[in-house]
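here is my input; please provide its structure:
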Amino acid sequence: MKQDTKTLTVNLICQVEGSQRLHSLRALMLSDYGLKDLPADILKHMKSIKTLDFSRNNLTTFPEVTLKTLETLDISENNIDSIDFVKNLPNLKQLMVEGNPNIQTSHKIEAVLKCPSLMKIDGDDLDSIHRQIQHIKEKWKLQVQAKFEVLYEDRFTEDMSEEEFQKAVSEFKAIVRSDDLFASANSETEKIIIEQLVTEVAEEVHSGRHFRSDVQTPRTPRSARLSRKLSATSPKTSDSSATTPKRNKSRNHSSLLDSPTLKMPQSPISPISTPHNRKRRRDSDQGELTQKSKRDRKYSPLTWMVRKNTVVDHDLISLPSVPDYDPVYFLRCHSEGNDPSDEVTKVWRCAFEPSIEDPEKTTNMLATCGGQTVCLIDCNTGKVMKRYKDSNKYECFYTMAWTTVQLNNNRKEKTNLLAVAGQSADIKLIHPSQFVMYATLEGHRKYVSCLTFHPNHPTILFSGSNDRKIIIWDIGIPNMRDYTVLFKKLHVLQAPDTDALNLVLSMPSQTLLAGCEDSCFGWKADNINKISRDPDYQFYLPTVSSDGESNVSTERETVDGLAALKNGYVVNKCVGDDIISVWNVKDQLSNNDRAHKRKVKAHIRSVGVKPAALLHYTTQDVDYINMGTNKEMMVVGDDSGNLRLYNVNELTNRKSKSCDDIMRPSRVLEWPEIAEGPMKQFCQKEVVIVNSACVSHDGEYVACGTDNNLVCVWRQIRDSSEEEMMLD
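Sure thing, here's the model as predicted:
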């Protein structure tokens, strides 16, 4: 029968192991002995110990004693509340701590950080813990790096002694501990990682590795400047392939002529460009179901049946015209490993950078996202000016949003900020001056599909995710000296049994709209602090059927296109429909037909939308095709590489009224036919899907991103007199 004792003694060890020679002891098994204390004076003499089993006792601590030979330690089912002791066990490989009520996952992460030799905890491999550590490191590294460069980097030189180096690192750690950066760390684990990053960054600078030109991580402004100094005498290389497409005089066909030779490293095509959760319908196992024609589809009786017969071209009403455009640049700047033959990576979104002086206008700088990469492209020259590549190889960016904020230290000084997100579920905040990723917002559990900023409150960000949540954030304003920022999660909204694909704030009605996989929902957003968790409205959108009669079905529409126009109008499209609807949100809420005012749930009001205009599109079953707008024009792509341009200026200026007339596009920009040049092999694809399109505020440029990894820039064609006036 085991003796019930409180303190480990030499006599107890002798009774169990039959020897008092502690220095030669290799294993000690004292499970379930009622031990409460392990004297360090006894353990420190165990110079050869490899296995210790103190499970199922009453221990609250493990002594601070160095055991260099210990490989396995079992202290499960005790009352241990700290795991700091592992730093004294340099060769520990297995640790058992389950059954200690106060030991959490964060303690296990801390154990791995303090004892790098660990291979298993509670019998489990440490892969997931190492991933968590890497995730935390990515969150903090750029901030530590920026802080280091600004405050302390000049202290480190290649010829300093080891003693001077360690002293400088210790001083910088002391500075970080007293800094707001360290104070904002949420746990002891994050603080340990920050201190480790301080040492790593210092060692990189000390060894001369930090500003090496081939490093792919994004740089802070200072490191980018120093990098340019070091590489001033080195020739620059391009990380993107570009060419200038040309259209011939007839406008019926186009060709790409005499493009420059592409010089890019070769690497395998990315296998992760379209994760399983974000496959298009035609790529999925249910493709056969989604290829059905419109006459086989059925709609709910709540659907407004606006047309029942196939429209022919002469039935369409003409919109006001828009200028013609020439394709000027095709770029392949999102390739995995800079591989010019990569046709797998998808460019999901594009957006023009707003003008700092007037955020309602845009510059000619175009941001694009796809794969692991975010690019900033000068549409005047077709050059990729900046490029951010995420360190997470499984990241695939799906969405982005711009905002312009006033800096705290100067009310007259403003800066643009870019939010991007995708497969990893984290939202990355980027400062465009040097493409610094300065903060990561963590809150969603699945990939993020859409982002939008509040038009009147530029730090308020809305994010929609596949986890069926819409999160409202206050991203704060970064300190431009070291990029520290305080951000917070304000609210979490619930999209009923669906996930948001696009978000729009309609300001005249103060309504947040979410175009979802299953219908369209709205929230009253006049007071962000009091916004309801569940939607206030469900909008039943106009759809088109080409069959002769209406059939009852519970099938709802996937609203994969939703964008804001001026004067409270919005434009939407649904997968499979060959029309795009223009409607005024405020008018629909105030003048909705009583016949359609029923409750979907106790608190959700149903609204049947009567469109103010119907725009002819094209019949297709491809989803995730996004639209772009400015004050006067809307542009959208299709599954044939074409861009449809609609002049909506008159529609949004007139008084809203229901209209069943269907209007043809103002212009269709056809996918150019590649006749020759190095881009021929990259663009001769049977199906070119335009994922998203956008237009600059003045209509000078139209841009799009495609399914075969191309960014396409079209420029407005001007006659010679117009060009001379612009030059003057």
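
hmm, Asn479 is touching Tyr438, no?
No - when contacts are counted by C-beta atoms under 8 Å, Asn479 is not listed as touching Tyr438 (9.4 Å). In short, each C-beta sits where N, CA and C put it, glycine included.

what residues are shared contacts of those two?
Common contacts of Asn479 and Tyr438 (C-beta atoms under 8 Å, 6 or more residues apart in numbering): Val485.

who's more crowded, the two?
Neighbours per residue, other C-beta atoms under 10 Å: of Asn479 and Tyr438, the larger number sits with Tyr438, 21 against 17.

longest strand anywhere in the protein?
strand 410-422 (DSSP state E).

report all helices and strands that that strand contacts.
strand 349-354, strand 362-370, strand 397-407, strand 427-431, strand 448-453 (3 or more C-beta pairs under 8 Å, 6 or more residues apart in numbering; DSSP states H and E).

switch to 10 Å and redo it
Packing partners of strand 410-422 (3 or more C-beta pairs under 10 Å, 6 or more residues apart in numbering; DSSP states H and E): strand 349-354, strand 362-370, strand 373-378, strand 397-407, strand 427-431, strand 436-441, strand 448-453, strand 460-465.

contact partners for Gln143?
Going by C-beta atoms under 10 Å, 6 or more residues apart in numbering, Gln143 touches 181, 184, 194, 197, 220, 436-440, 478, 482-485.

list only buried entries from those.
Buried members of those, scored by 16 or more other C-beta atoms under 10 Å, are 181, 194, 197, 220, 436-440, 478, 482-485.

of those, which one scores lowest on pLDDT?
On pLDDT alone, Thr220 ranks lowest of the buried ones among the contacts of Gln143, at 36.

neighbours of Ser19, just the number please.
10.

that one against Ile13, yeah?
Yes - judged on C-beta atoms under 10 Å, Ser19 makes contact with Ile13 at a distance of 7.9 Å.

give the intersection of the neighbour lists for the two.
Contacts common to Ser19 and Ile13, judged by C-beta under 10 Å, 6+ apart, are Leu25.

now stretch 447-457: mean pLDDT?
95.

what's the span of that stretch, first residue to last?
Stretch 447-457 has an end-to-end distance of 25 Å (criterion: C-alpha to C-alpha, to the nearest Å).

now stretch 608-628
25 Å.

which of the residues in that stretch are buried?
Buried residues in stretch 608-628 (16+ other C-beta under 10 Å): 608-617, 620-628.

in helices only, show me the residues you listed.
Using DSSP state H, no member of those falls within helices.

just want the most central residue of this protein.
Centroid-nearest residue in the chain: Ala421, 1.0 Å away (criterion: C-alpha atoms, centre = their mean).

does it touch Phe397 like I think?
Yes - with contact defined as C-beta under 10 Å, Ala421 reaches Phe397; the gap is 6.9 Å.

who touches both of these two?
Common neighbours of Ala421 and Phe397 (C-beta under 10 Å, 6+ apart) are 369, 428, 448.

and which of those is nearest Phe85?
Lys428 (37.0 Å; C-beta to C-beta).

what sits against that closest one?
By C-beta under 10 Å, 6+ apart, the contact set of Lys428 is 138, 218, 374, 388, 390, 392, 395, 397, 400, 418-422, 437-441.

what about it, distance to Val688?
Distance check for Lys428 against Val688: by C-beta to C-beta, to the nearest Å, it reads 28 Å.

do you know how far Asp482 is from Met437?
Counting by C-beta to C-beta - Asp482 and Met437 are separated by 14 Å.

same question, Ile717
Ile717 is 38 Å from Met437, by C-beta to C-beta.

now the longest strand of the chain and strand 436-441, what's the angle there?
70 degrees (axes from the mean of the first three to the mean of the last three C-alpha atoms, to 10 degrees).

report the buried residues of strand 410-422.
So, applying 16+ other C-beta under 10 Å, buried residues of strand 410-422: 414-422.

now those residues as a markdown table including pLDDT?
As requested, those are exported to a markdown table (pLDDT from 0 to 100):
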| residue | pLDDT |
| --- | --- |
| Lys414 | 90 |
| Thr415 | 92 |
| Asn416 | 95 |
| Leu417 | 96 |
| Leu418 | 97 |
| Ala419 | 97 |
| Val420 | 97 |
| Ala421 | 96 |
| Gly422 | 94 |
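
which of those sits closest to Asn502?
Of the buried residues of strand 410-422, the one sitting nearest to Asn502 (C-beta to C-beta) turns out to be Ala421, at 13.5 Å.

contacting residues for that closest one?
369, 395, 397-401, 427-429, 440-441, 444, 447-451, 461, 463-465.

with adjacent residues omitted, what lies nearest to it?
Val448 (3.7 Å; C-beta to C-beta, 6 or more residues apart in numbering).

that neighbour contacts Glu395, doesn't it?
No - counting by C-beta under 10 Å, Val448 sits too far from Glu395 to count as a contact (11.0 Å).

for the stretch 451-600 of the chain, which spans come out with low pLDDT?
Scanning the stretch 451-600 of the chain for pLDDT under 70 picks out the ranges 542-556, 591-600.

what about the helices in the stretch 1-150 of the chain?
10-17, 40-43, 105-114, 127-151 (DSSP state H, counting those that start in this stretch).

do the stretch 501-650 of the chain as well
Under DSSP H, counting those that start in this stretch, the stretch 501-650 of the chain gives helices at 585-590, 649-653.

closest to Asn102 out of those helices?
helix 585-590 (52.4 Å).

who does that closest one touch, helix- and strand-wise?
strand 500-506, strand 511-516, strand 520-524, strand 537-540, strand 569-573, strand 604-608.

Leu8: which of those is closest?
strand 500-506 (59.5 Å).

helix or strand for Met663, which one?
Here Met663 is covered by strand 662-664, with elements defined by DSSP states H and E.

direction included, what does that strand pair up with?
Strand 662-664 pairs in its sheet with strand 317-318 (parallel), strand 613-616 (parallel), by DSSP bridges.
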